[in-house]
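Trainee: My questions concern the predicted model and sequence given below.
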Amino acid sequence: MPDEEAHLCPVRAMGEWIKLSRITSGYVFRKIASGGRASQHNAPMTAQQFLEIFRNNLIDINIDPSPYGTHSFRRGGCQYLSSYRRWSLRTICDWGGWSTEFSSMTIVKYLISWNDEPTEAREDFFNPNRGPVQKCYACGRSCPCA
């Protein structure tokens, strides 16, 4: 039985997709076959298929899909790997296929944007009494389990 709350957390939703699709190797996002199932052949989903499914998922959770594209997914992945998985900039650049020369700093465009919400108040940066600052990837809270 699918996890009832998987739709509330992208990481859990992804885990649920992998479990239900029974994909154990190759592409996670495979071409969609008849009946809306992942193809048994190890062929990647087209960008158009991915975008349609991605936008339909946003509609399912009452988010207007018009401002989002496949680039949004890549940017979100970059931010997740930096903020929650604590990957280094060099590792993220290798993953994203960006130069690791750091001369143009393309990576900064993916990590920081005008519409990001700060996760910490500036006055708390050096507050010795504040709690843990790393957020739990499962629950989204700053807790000792993170």
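Mentor: Thanks, I have it.

Trainee: Quick check: which element contains the residue minimising distance to the centre of the chain?
Mentor: The chain has residue 77 as the residue nearest its centroid, 3.8 Å off, counting by CA atoms, centre = their mean. Using DSSP states H and E, residue 77 maps to helix 70-83.

Trainee: got the buried residues for that helix?
Mentor: 75, 77-79, 81-82 (16 or more other CB atoms under 10 Å). Placement of C-beta: from N, CA and C, glycine included.

Trainee: any idea how far residue 29 is from residue 50?
Mentor: Residue 29 is 6 Å from residue 50, where distance means CB to CB, to the nearest Å.

Trainee: The residue lying closest to residue 95 once chain neighbours are set aside and residue 94, how far apart?
Mentor: Closest residue to residue 95 apart from its sequence neighbours, by CB to CB, 6 or more residues apart in numbering: residue 81 at 6.8 Å. Plainly put, residue 81 is 11 Å away from residue 94 if you go by CB to CB.

Trainee: can you check residue 82 too?
Mentor: 13 Å.

Trainee: With residue 51 instead?
Mentor: Per CB to CB, residue 51 is found 25 Å from residue 94.

Trainee: per-residue confidence at residue 91?
Mentor: At residue 91, the model reports a pLDDT of 90.

Trainee: For it, which non-adjacent residue is closest in space?
Mentor: Once flanking residues are discounted, residue 91 sits nearest to residue 81: 7.6 Å by CB to CB, 6+ apart.

Trainee: Would you agree that neighbour is in contact with residue 87?
Mentor: Yes: between residue 81 and residue 87 there is a contact under CB atoms under 8 Å: 4.4 Å.

Trainee: Now the common contact residues for these two.
Mentor: Residues touching both residue 81 and residue 87 (CB atoms under 8 Å, 6 or more residues apart in numbering) are residue 95.

Trainee: So what are the structural domains in this structure, by residue number?
Mentor: Listed domain ranges for the chain are 6-60, 71-116 (source: automatic domain parsing).

Trainee: would you turn those into TSV with distance to residue 123?
Mentor: Listed next are the domains of the chain as TSV, based on distance: least, CB to CB, whole Å:
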stretch	distance to residue 123
domain 6-60	30
domain 71-116	19
